[in-house]
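J.: prediction below, plus the sequence it came from.
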Amino acid sequence: MGYLLQLRQFVGHRPLISTGAATLVYNSKNQLLLVYRTDTHLWGLPSGSKELNEALETTAIREVAEETGIRISAPTFKTLLSGPQMQFKYPNGDQIDAVIVVYQATATDQPLLPQAGETERVRYFSLNALPAPDQLTGFSAAILKAAALIEPSS
């Protein structure tokens, strides 16, 4: 059981400050990797919460592998996001106020393997054909706007 899930036993659904990592993973065709989440039924970047004693870079590598089956190494720092646009309420009622470090990585050709129970589909998207903002998780839309991959007014 992860650190945040352990805290939930004490605080219930109340907001928690969550530190995590998200990764912009590109393939050799400069397409962006997204996952279709089973909880929100929206597309998002591979991402997740930091565990105790884990470096954020390691969080990024672990989450990409868990959610997509893709192995990356040496992700590079892209940006850091926090604030009101990083607050989220999950369908089960859990609330977080996230601090998200965004990394970028390139993946070699590897089979895409969705994580049972968390990701329904995994696929690469052309940068000019990304899902509409209303088809993205709020976190992912904010990250893609910050990375200038979708329009700020979207």
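T.: Here it is on my side, so go on. Residues are numbered from 1 along each chain as shown.

J.: can you give me the strands in this structure?
T.: 16-26, 32-37, 43-44, 47-49, 76-81, 87-89, 95-106, 119-125 (DSSP state E).

J.: give me the distance from stretch 103-115 to the chain's centre.
T.: On the basis of CA atoms, centre = their mean, to the nearest Å, stretch 103-115 is displaced by 13 Å from the centre of the chain it belongs to.

J.: apart from its neighbours in sequence, what residue is nearest S82?
T.: Spatial nearest neighbour of S82, chain neighbours left out: V99 (4.5 Å); criterion: CB to CB, 6 or more residues apart in numbering. Using the backbone N, CA and C atoms, a C-beta is placed for each residue, glycine as well.

J.: gap between that neighbour and S49?
T.: 10 Å (CB to CB, to the nearest Å).

J.: isn't L80 up against V101?
T.: Yes: using CB atoms under 8 Å, L80 makes contact with V101 at a distance of 5.4 Å.

J.: contacts for stretch 51-60?
T.: 2-3, 19-23, 48-50, 62, 72, 75, 101, 103, 105 (CB atoms under 8 Å, 6 or more residues apart in numbering).

J.: top of the residues you listed by neighbour count?
T.: Counting neighbours by other CB atoms under 10 Å, T23 comes out on top of these with 30 neighbours.

J.: beta-bridge partners for that one, please?
T.: Assessed by DSSP bridges, T23 has beta-bridge partners Y103.
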